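Enquirer: Quick check, what structure comes out for this input:
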Amino acid sequence: MPTQLEKLIAAQERAEQQKHEAERKAKLAKKQIAELQRKERNHRLIVRGAY
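Expert: Here you go, the predicted model:
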């Protein structure tokens, strides 16, 4: 049977894993936003004849 300390350590490890996963998802979302903005900007420039 796990002790109180082992339970707390396990909970801390789970929290750290969730934190890393959330950071990874945020980074991915930020990258996708940048890519979509770049595509939108390029499309606008091409349509308006800037290239």
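Enquirer: Need phi/psi at Leu36.
Expert: As for Leu36, its main-chain torsions (degrees, to the nearest 10) stand at phi -60, psi -40.
Enquirer: quick check: mean pLDDT across the helix or strand hosting Lys30?
Expert: Using DSSP states H and E, Lys30 sits in helix 4-47. Helix 4-47 carries an average pLDDT of 96.
Enquirer: other SSEs contacting it?
Expert: With contacts taken as 3 or more Cβ pairs under 8 Å, 6 or more residues apart in numbering; DSSP states H and E, helix 4-47 sits against no other helix or strand. Where you see a C-beta, it was placed from the backbone N, CA and C, and this is true even at glycine.
Enquirer: what's the distance between it and the middle of its chain?
Expert: 1 Å (Cα atoms, centre = their mean, to the nearest Å).
Enquirer: Helix, strand or coil: sort out Pro2 for me.
Expert: At Pro2 the chain is in coil, as set by DSSP: H, G, I helix; E, B strand; the rest coil.
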